[in-house]
Each structure stands twice: as C-alpha cells, then as structure tokens.
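**Q** sequence and computational prediction follow.
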Amino acid sequence: MSLDGACFHCGQAVPPDADYPVSVDGAPHGMCCRGCQAVAQAIVDNGLQAYYSHRTALPSTANELIPAELSRLALYDHPEIQKSFVIEEKDAAHLKQASLILEGITCAACIWLNERHLQQLPGVKNVQVNYGNHRARITWDEHEIQLSRILREIQLLGYNAHPYNALQQEATRRRAKSRDIRRIAVTGLSAGQVMMLAVALYAGAAFGIEHRTAQLLRYVSLILTLPVLFYTAVPFYVSAWRSLQSGRLNMDVPVTIAMMTAFAGSAWVTFRGAGVVYYDAITMFTLFLLSTRFLERNARERSVEATENLLRLVPAMALRIRAGRQEAVAVLDLAAGDLILVKPGEAVAADGEVTEGVSSVDEALLTGESRAVEKVAGTPVIAGSINMEGPLTVRVTGVGENTVLAGIVRLLDRAVAEKPRLAQLADRVAGYFTYILLALALLVGLAWWWADPARVLEIVLAVLVVTCPCALSIAAPAAFAAAGSHLLKQGILLTRGHALETLSRVTHVVFDKTGTLTYGKPLLSRVVALGEMDETECLRIAASLEQASEHPLAQSFRARIGNVALYAVSNAQNYPGKGVAGVVNGRRYTLGNRAMSPAAANPDGDVPDAGDGATLVWLCDERQVLARFALCDELRPEAFGLVTELKEQGFRISMLSGDSAAAVQHFAARLGIADYRWGMRPEDKLAALKALQAEGQVVAMVGDGVNDAPVLAGADVSIAMGGGTQVARASSDIVLLSEKLPDIWHALQTGRATMKVMKQNFAWAAGYNLLALPFAAMGFIPPWLAALGMSVSSLVVVLNALRLKQL
Amino acid sequence: MTPILIFLLGLAALMVIIAGAGIFWAIRNGQFDDMEGPAQRILMDEDDPLIPHRTLRGGEK
C-alpha cells in the first residue's frame, strides 16, 4: 500500500501545514491530524505495528477523544446499566462477559489489532471478534479491570465499541443457521454415499451385475435417502404447502412434487426388483437447493447485521435535566417524570411529553410514515423517533425499551423485505412458470402414458427437474447479495433493497455542501500576524483564550495548536455573538469579530475577503491588532476528483446548499460545478429535486445533515455520510460508513454492473429452461442428467453473480 | 462377493455416522459461527513483537 503524501494511518491527504509525525518501525511517518497521530502512537506503543504491514484496507480517520465522551464511558461500569448486556460466568461471579459492537473495522488486520491489544490488558480473560459481523465477545475479571477501561482502550486504537445485549432475535438467527448447516451436512453425507452406489448401479447396468447385488445396493440407497426425504428436505414441503394455501405457487411446489414422485417411483422399483432408481437425483437436488439458499440467506443476514450495528447507536444514554443542570444518564435509569433534553438530530430516548421547545419529529422508524410530525409543548413523543429541528425538553412518561426495539425491527425488516422491482418480477415470473411447468409435466406424462407407459415416471421427473425455475429465482438475489456484500466490504451499506437497481439508472447527482463535499466544521486556514508577535505566539494566545469556549470555532484553534502547552487565562469572559476576552501573562487580549475588537476596524487590519466565505477573527491587545485568523470549512480532498470523474462519465451534477452565496460560489468554482444554488431551506431543496425529477432525471442525493433528511427521502436514491446525523442515515438508501467520497463513484459503478449481471442471469436461466424442456419432454434426458443440468445452470448464475465481488 | 460388500457398506455407514457426529459436534461448538475469520487470522503473525511481553507475564495461554 503506497501512501505518498497521504496520512500513514488513514490514507487521507495530509494538509500541507500538518505536522503530526509518529515513528513506526524506526521510520518517521506523517499523519493528517491529531486523532490519527494519537491512534498510531497507541498502536506503536503497544507493540502492534504489525497491523500496518498486514492491513488490506485503510481505517477511517481517527477522531480525537473528547473528555465528555470518556466520562460517558464510565457509566457502563454502573451495575444497573450492566444488567442489560453483561452475563456473569456461572462458576465465578467476578468474571463478566459482554458482547460489543465494534465500529470502524475495515479489514482483518483491524480485528487482529483489537484482539491482540485487549488480550494484553491485565484482567481481560478472553476476546473474540467475529469477522463477519464485527461483534466482539469479551470476558474480563471485574476485580482487575473495568469495562469502561476496555472500551477506552478500543477508542485509543481508533475504533468505537458499544455494548449491546445479544437479543432474542439474534439467538434465533444463530439457531436457524446451525440448523441449516446440519441439514446441509446430512444431505451431503447421504448424497455422497448414494452417488457412489449409483455409479455401481449404472456400471452394473452397462457391464452386468448380479440381481442380488443390485438389489442390495438399491435397498441401501433407499435407506440412505430416508434422512434426506424426512429431515433435510422438510423446509421445501413446508414452503410448498404454504404457497398452496395462499394460492400463489412458488418453485418449491414442483420441487416437492418431483421429490415425492421420484422417491415413490424409486421405492416401487426397489420393491419390485427391476427398473431404474433415482435416489442419486433426489439427494443431489436437495443438496444443491439447500446450499444455494444457505449462501443467499447468509449474504442477506450479513447486511442485516451491519444495519443492526448501525442502529444500536440509538442512544443508550440520555441528557437528564435536574435542578437546571444537564447530566448524562443511562436510559435504563430514567424514571417517569424525569426531564430529558433531546438535541436536534438525536433519537428520543424514552416515551414522553414535550414540555418545552418546538420541532418536528421523524417517526418513520415506528410508524412507517415518512412525513415529519410537528411537536410543541404538550404533544407526546415516542422513544426511537428522531428530533429533526430544534431542541426539545421532554417529560418522560415511560421508558419504552420495547417501543425502540419495535422501531428498529421495523427498519430492518424494510431492508430485508423490500425486494428490488426486478427481483419481484422474477418471483412473479417464476410463479407463472410453475403453473405452466406443472401443466406441461402433466401433458407430457399423459402423452407418454399413451406412447410408452414404462417411461412415464422417468420422463415426467426429467421435465420437472430440468426445468426447475431455480436459476430464474436466484438470478436476481444472487446478483444483489454478491454486490451487497462487495459494497459492504468497501464500507458502503445498502439499507433498502431497491438501491442498486436505482443506482444503475441515475443520471443526475445532487450534493449537499456542508459536511458532504466539505468537512462540515471550520478549520483554521490562515494566520496572518499583524503586530509585533509572530504567528505561533498569536496562535498560542488565541488557543489559550478559547480554552473555556464551547463555540465550534474554538475547537479549531485547539485542534491546530497541537500538543503545545497553553497559557493560564485569568479573568476570562465570554461575549456571545462577539468573542472572548481574558488576561494572559498580565496582558488583556480580546479575540473575536469586528464588534469585539474596535481596533480591527481600522484600514490597516482590513483585507479583502478571499471569497471562500471564511469567518475572520482578530486577536487584539488593548492597543493594537496582533493577528488575523481566517476560519473556513474545507473541501474534502477527494471531492474534486469525484466531481471530475462523474462529469466525465456524463452525470449531471448540482450542489444545493443552505449556506451563503459567497461560500457556495467559492466552492462551486473550485469544484467546477456549474449548477449550484445557495440559501436553500430543506423545502427549497426538495422542490429543486422534484423539478429535476419532473424533467425526467433520475436523481441521486448525497447528504449528511438533519436538513437533508427530507431531500434524501425524496430522491430516487439517497446516499448519506456515515458520520452524519442519525436522521440522515435513517432516511437514506445507502450509507457511506467509510466516509470516503470516491465510494459514491464506486457504488454507481457497482449498481450498473449488478444490473448487467442480472440481465445476463435472466437471459441464461430463461434460455436454458426453454432449450432443455423439449429435449426432456421427448425423453432424451435421463433424470440424473436433468438434476446435473439444473445444478449447473444454477451454478452458472451464482458464479456469474460472484464476479461482482471482484469489482 | 456379497459378504464383503455387506462388510464394506457397513464400514461406510460407520464412517458416515462418525463424520455426521463430528460435524454436529463442531456446529454445537460454534465452529461455524464465523466462517471468514479463521481464514484471515492465520495470515497474521501472532507473536512477533509480543513474545517478550507474554513470557514476562508467565506465558499464560
């Protein structure tokens, strides 16, 4: 992995003035930010640098640890909170076990890193990370280490861990999976044996075999087929019976009929002692059907698990207001009558009634109704719904854990249940196909009854098996599953079934600006010293002054200054809307906009605005202006490449932003986007989107913020940044967990490739069935060849779909 | 030739039962829970920078 000019840890471009070196294996490497530096240092300090030589994918950019976040972790040590997700070992009460969801896993080396590091901690008894679903099971000794420490160590490595309780649902899923594997194993063992005996029987038919021996082989085959018929093939019967009851035939009906007739016919031949037996075809057929279905279900569950991991970010904590103070508490600790504060973009932690604030709340998770519902004082809110606009104070009426869960389950069901249009079509076609097939088999049977009664069984079987619409039915799901798991590996999560299909038709890509094309937070871009002090010193004073401030601008000063020790500030004052002031080393300084520093208004300190919409801040002492700082949101480094690539490929591009004209024009010019609009409210964005759709454009919307939620919901296909708000993620079809913009291009390509593969699959499956049918009906295909043909046809479809994984 | 055939078929049945029991045991043991991890994990050198650490701590596990 060559990372010239890129951050050694996360691979993002290193800003030109960044200086965050870490020495890995004796050689210094540059990092892009303090977060990555801290993580890389932690990795090296713990002797885990092998991670860098083994990884095959880059991690996401590390976030700096916020003290507030750390104090929240401590809550997980609370015995009351632990009750919901910690299991005590039976023989030793101080040994605890919990399941954690790990965020930020990108390749096998990440898993190794986490396992190794945690294993080194004293008190940690066992760590196991599941590669498939990124969940860890961890056992620790309570006397030696606290859970919060373990969580903190994971954060130090640049990952994020959330405890979760292994739900009923998951246990059921695991049981179902074990049952499937058991069925496949039994079928495989039985099929292997029956096949061997079948070879002997076929050879015997060709070269002569003692009747006694042939009969022995037939009876043994019969016995070996029994477990398949009465144990492993049962799901087909159940599904066929259900489809008969509902009146919509599925492909399990001919499967069941074929198996029943084949077994009845073969058993009759066995007892009578003459003729051909089809035990091999029965077992092989079952084995193949079970395996394809198992693979398909697995792929689907992988994406469900990934969605679940995401959704568990629904708060386990809430902000409780008590005696005018906010405190973070576990949702489990909330009681009826408590007041909680719900910030915009957050999920409501408990059922309750609004006491203060006006906002609209998205209850789609719970009701399926995507329109936001107005909330004012007195209206009830439901746990799990998402606050979209303003802060709300809510009086808790019930800690409805069940309601949150119900909502989560509904969202998951949507992802699984919403089949793409083409797949639905395939299901319907397969349904019709089944009717035609059954009628044809009957017809062919009658015809042969009249022509040559001895061959009826053989030929009806061949017709039923060779034309089984298996390949047709798995043509679409196989392609979607392969593409879905491929995208998931790249950090692109599909949350709705139709996403890939729509992606392939997209003609117009609409971007939000803030947080999507840009980082969405102000970065200190320019420092100009205007007085007697040099830039470094000015910066140090400014960062010191900002220590106490919670303003977003303040953080960018602290981020820029790095590890330099700050001065002590006395007499600090905060002037909302203007700036801050304080005394450093005996001198009084002010830092703020023009209103804050009258001296800055003089012409000497005035310069033309660079046009990027930067916020200018001046540092002054009592006599003069010392420095000017420009803070602005920066473009993500990959934004330009993505936009250029999309334009070259003939996509139309727009940028819709709620920001000011100057900033939007500046960024549009830098990216080469001709169609941009500024000052847009969410409803304006939605209107612009609808106008594009009315022109016949298929629109993909990329956004991240609360304000994008309605637009994301209105677009043909929507893509949300993984770091965006929960609202944005819940209302989008695709989530970029990786936060890397070029993935959008990758997703578009995958969508197109998927459609191509699916069409090939349909053509192959339909073509094969139509071609094979006349031969089978005329008696040229023996049942074993029919089973082989069916299997090969399905295999071709699956293999073709697997090509999507190599993209 | 039938007695030897019966013996061989019986032997095959025994093998099938043993194999089946083995697979069932493996499934119950959770060996099929994570189908990809072990394949990836084997590529990692578990010990290189860590050996001193681990022996100092008494080489547990």
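**A** Good, I have the coordinates. Residues are numbered from 1 along each chain as shown, chains lettered A, B, ... in the order given.
**Q** so for stretch A:325-336, what gets flagged as buried?
**A** Within stretch A:325-336, the residues that count as buried by 16 or more other C-beta atoms under 10 Å in any protein chain shown are A:329, A:330, A:331, A:332, A:334. Any C-beta I mention is one placed from the backbone N, CA and C, and that applies to glycine too.
**Q** and for stretch A:25-41?
**A** A:29-41.
**Q** now secondary structure, distance to residue A:755 and pLDDT too, for those, in a markdown table please.
**A** Formatted as a markdown table, the buried residues of stretch A:25-41 follow (DSSP: H, G, I helix; E, B strand; the rest coil; distance: C-beta to C-beta, whole Å; pLDDT from 0 to 100):
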| residue | secondary structure | distance to residue A:755 | pLDDT |
| --- | --- | --- | --- |
| A:29 | strand | 42 | 82 |
| A:30 | strand | 42 | 80 |
| A:31 | strand | 40 | 80 |
| A:32 | coil | 37 | 77 |
| A:33 | coil | 39 | 76 |
| A:34 | helix | 44 | 72 |
| A:35 | helix | 39 | 73 |
| A:36 | helix | 38 | 79 |
| A:37 | helix | 43 | 79 |
| A:38 | helix | 44 | 77 |
| A:39 | helix | 39 | 79 |
| A:40 | helix | 41 | 82 |
| A:41 | helix | 46 | 81 |
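**Q** looking at the residues you listed, spot the one nearest residue A:258.
**A** residue A:39 (57.8 Å; C-beta to C-beta).
**Q** shouldn't that closest one be in contact with residue A:9?
**A** Yes: the criterion here is C-beta atoms under 8 Å, and residue A:39 meets it with residue A:9 at 6.0 Å.
**Q** what's the farthest-apart pair in the buried residues of stretch A:325-336?
**A** Once C-beta to C-beta is applied, those give A:329 and A:332 as the farthest pair, at 8.7 Å.
**Q** and the pLDDT for the nearest residue to residue A:147 once chain neighbours are set aside?
**A** Leaving aside its sequence neighbours, residue A:147 sits nearest to residue A:76 (C-beta to C-beta, 6 or more residues apart in numbering or on different chains; 5.1 Å). Residue A:76 is assigned a pLDDT of 76 by the prediction.
**Q** need phi/psi at residue A:76.
**A** With angles defined as degrees, to the nearest 10, residue A:76 sits at phi -70, psi -10.
**Q** mind listing the strands for chain B?
**A** In chain B, no segments count as strands under DSSP state E.
**Q** so where is it shaky, pLDDT-wise?
**A** Along chain B, the model assigns pLDDT under 70 to residues B:1, B:44-61.
**Q** contacts only, for residue 14.
**A** Using chain A. A:5, A:6, A:7, A:30, A:31, A:32 (C-beta atoms under 8 Å, 6 or more residues apart in numbering or on different chains).
**Q** the residue nearest to the second one when sequence neighbours are not counted and chain B: what is the separation?
**A** On the basis of C-beta to C-beta, 6+ apart, the spatially nearest residue to residue A:6 that is not a chain neighbour turns out to be residue A:13, at 5.8 Å. Distance of residue A:13 to chain B, computed by C-beta to the nearest C-beta, to the nearest Å: 29 Å.
**Q** do residue A:30 as well
**A** For residue A:30 relative to chain B (C-beta to the nearest C-beta), the value is 23 Å.
**Q** cool, and residue A:349?
**A** 32 Å.
**Q** any idea of the pLDDT on that residue?
**A** Reported pLDDT for residue A:349: 77.
**Q** which SS class is it?
**A** coil (DSSP: H, G, I helix; E, B strand; the rest coil).
**Q** repeat for residue A:641
**A** helix.
**Q** ok, it - contacts?
**A** Taking C-beta under 8 Å, 6+ apart as the test, what residue A:641 contacts is A:741, A:742.
**Q** does chain A have contacts with the lengthiest helix in chain B?
**A** Under DSSP state H, the helix in chain B containing the largest number of residues is helix B:2-28. Yes: Helix B:2-28 reaches chain A (C-beta under 8 Å from any C-beta of the partner chain) through B:2, B:5, B:6, B:9, B:12, B:16, B:19, B:20, B:23, B:24, B:27, B:28.
**Q** can you tell me which of these is nearest residue A:140?
**A** residue B:28 (25.5 Å).
**Q** any idea how far the closest one is from residue A:230?
**A** Residue B:28 is 22 Å from residue A:230, where distance means C-beta to C-beta, to the nearest Å.
**Q** do the same with residue A:393
**A** 62 Å.
**Q** between the two, who's got more neighbours?
**A** residue A:393 (16 against 11; other C-beta atoms under 10 Å in any protein chain shown).
**Q** contact partners for the closest residue in space to the more buried one that isn't next to it in sequence?
**A** Setting aside the residues directly before and after it, residue A:393 is nearest to residue A:356 in space (C-beta to C-beta, 6+ apart), at 3.9 Å. Counting by C-beta under 8 Å, 6+ apart, residue A:356 makes contact with A:377, A:392, A:393.
**Q** before we move on, what about residue A:281?
**A** Here residue A:281 is in contact with A:262, A:461, A:465, A:783, A:784, A:786, A:787 (criterion: C-beta under 8 Å, 6+ apart).
**Q** if we use 7 Å, what do you get?
**A** A:262, A:465, A:783, A:784, A:787 (C-beta atoms under 7 Å, 6 or more residues apart in numbering or on different chains).
**Q** on that earlier part again, pLDDT value on the residue nearest to residue A:6, please?
**A** At residue A:13, pLDDT is 72.
**Q** surely it and residue A:637 touch.
**A** Yes: Residue A:13 lies in contact with residue A:637 (C-beta atoms under 7 Å); the separation is 3.7 Å.
**Q** now do the SS call for residue A:15.
**A** Going by three-state DSSP: residue A:15 is coil.
**Q** what's the neighbour count on it?
**A** 15.
**Q** returning to that earlier point: state the pair within the contacts of residue A:14 that is farthest apart.
**A** Largest pairwise distance in the contacts of residue A:14, by C-beta to C-beta, is 12.3 Å, between A:5 and A:31.
**Q** circling back to that earlier point, list buried residues within the residues of helix B:2-28 next to chain A.
**A** Buried among these (16+ other C-beta under 10 Å): B:5, B:9, B:12, B:16, B:20, B:23, B:27.
**Q** need the max-distance pair from those residues.
**A** B:5 and B:27, at 32.6 Å, using C-beta to C-beta across these.
**Q** so can I have a markdown table of the contacts of residue A:14 showing distance to residue A:122?
**A** What follows is those, written out as a markdown table (distance: C-beta to C-beta, whole Å):
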| residue | distance to residue A:122 |
| --- | --- |
| A:5 | 40 |
| A:6 | 36 |
| A:7 | 32 |
| A:30 | 34 |
| A:31 | 29 |
| A:32 | 33 |
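**Q** relative to chain B, which of these is nearest.
**A** residue A:31 (20.5 Å; C-beta to the nearest C-beta).
**Q** wait, the closest one sits on residue A:20?
**A** Yes: using C-beta under 7 Å, residue A:31 is in contact with residue A:20, at 4.1 Å.
**Q** which neighbours do those two share?
**A** Counting by C-beta under 7 Å, 6+ apart, the residues touching both residue A:31 and residue A:20 are residue A:37.
**Q** A helix includes residue A:564, no?
**A** No: counting by three-state DSSP, residue A:564 falls outside a helix, being coil.
**Q** tell me how far the closest residue in space to it that isn't next to it in sequence lies from chain B.
**A** Computed as C-beta to C-beta, 6+ apart, the closest residue to residue A:564 that is not its neighbour in sequence is residue A:540, at 6.0 Å. The gap separating residue A:540 from chain B is 37 Å, by C-beta to the nearest C-beta.
**Q** report the secondary structure state of residue A:540.
**A** helix.
**Q** need the pLDDT of it.
**A** Reading off the model, residue A:540 has pLDDT 84.
**Q** which bits of the stretch 201-350 of chain A sit near chain B?
**A** By C-beta under 7 Å from any C-beta of the partner chain, the residues of the stretch 201-350 of chain A that approach chain B are A:212, A:213, A:216, A:220.
**Q** of those, which is the most crowded?
**A** Ranking those using other C-beta under 10 Å puts residue A:220 first, with 20 neighbours.
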